[in-house]
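Asker: coordinates only, no sequence provided:
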């Protein structure tokens, strides 16, 4: 039998085996989908959190002081002098409403036109640089004692919290994915085993007439690959369109700041497709080899 005929024969037998064990096949696909969706969700969360942390690390020695909306120009100037007197403050920079709008437009990129005419809605503020970031919390507390200060944005505290949150998500996620990976492997192995057991007599005849192990195990490997491809395909479609919806919603909504930390949909789809189909097919092949080799002694 030629290589091409053996290839198509293995595909045909793999499809037959998949059809014979539909219920276990569905269970395998569902387990793979669940594992890949959780993996994708966790990876997305950690990716965004890490991007935010890296961005904020450039501002970790900075404290933003947001002023009350109705504060007068004279009072704004006096607040600057009061800020300069605080210990550990090395630099005080005024940010006007117009400058704040300009910065926001830089963040919103191609959608910046949506902000036109909104400078009046933005507050005046000061950007402070501290000499020692370990004393940032003390500086922030002193700023709150100044009249007409509405809010203090303390980046070091935010970075620390995000880093801890990212680490927790990462470790919990790795554990969950590991467990689901084993479950997917186990269920798929059972699916292949059922096919092997059902065809033990046929396998015995093939081995008796001199068939190679590869020609015998080929259909089982194909069956495992098909299960992996189906599971990966379904989960890829779900997470791709979910990401596309979130990406487009943030691009046109008030959550645009988060949008700056995302990657374009096509790039996201490319890398996720490679990862999902690679993992799905890999699990299918390994589970098939594991199951069929164990039951090849007939």
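Answerer: Yep, that arrived. Everything quoted here is computed from the prediction, not taken from an experiment. Numbers count the residues shown, from 1 in each chain.
Asker: which stretches of the stretch 51-200 of the chain form helices?
Answerer: 73-84, 97-108, 136-144, 155-198, 200-208 (DSSP state H, counting those that start in this stretch).
Asker: what about the nearest residue to residue 64 once chain neighbours are set aside, how many residues close to it?
Answerer: Among residues not flanking residue 64 along the chain, residue 153 sits closest, at 3.9 Å (Cβ to Cβ, 6 or more residues apart in numbering). Every residue, glycine included, has its C-beta placed from N, CA and C. Close neighbours of residue 153, defined as other Cβ atoms under 10 Å, add up to 15.
Asker: need the pLDDT of residue 153.
Answerer: pLDDT for residue 153: 84.
Asker: what of the one 5 residues further on?
Answerer: pLDDT for residue 158: 71.
Asker: pretty sure it is touching residue 60, no?
Answerer: No. If you go by Cβ atoms under 8 Å, residue 158 and residue 60 don't touch, sitting 9.0 Å apart.
Asker: dump the helices of the stretch 51-200 of the chain into JSON lines; add mean neighbour count as well.
Answerer: JSON lines is the format used below for the helices of the stretch 51-200 of the chain (neighbours: other Cβ atoms under 10 Å):
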{"stretch": "helix 73-84", "mean neighbour count": "14"}
{"stretch": "helix 97-108", "mean neighbour count": "15"}
{"stretch": "helix 136-144", "mean neighbour count": "17"}
{"stretch": "helix 155-198", "mean neighbour count": "17"}
{"stretch": "helix 200-208", "mean neighbour count": "13"}
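Asker: out of the ones you listed, which is closest to residue 122?
Answerer: Among these, helix 97-108 comes nearest to residue 122, with 4.5 Å by Cβ to Cβ.
Asker: next, residue 88: phi, psi?
Answerer: phi 80, psi 0 (degrees, to the nearest 10).
Asker: so who does residue 31 touch?
Answerer: Residues near residue 31 by Cβ atoms under 8 Å, 6 or more residues apart in numbering: 180, 183-184, 187-188, 231.
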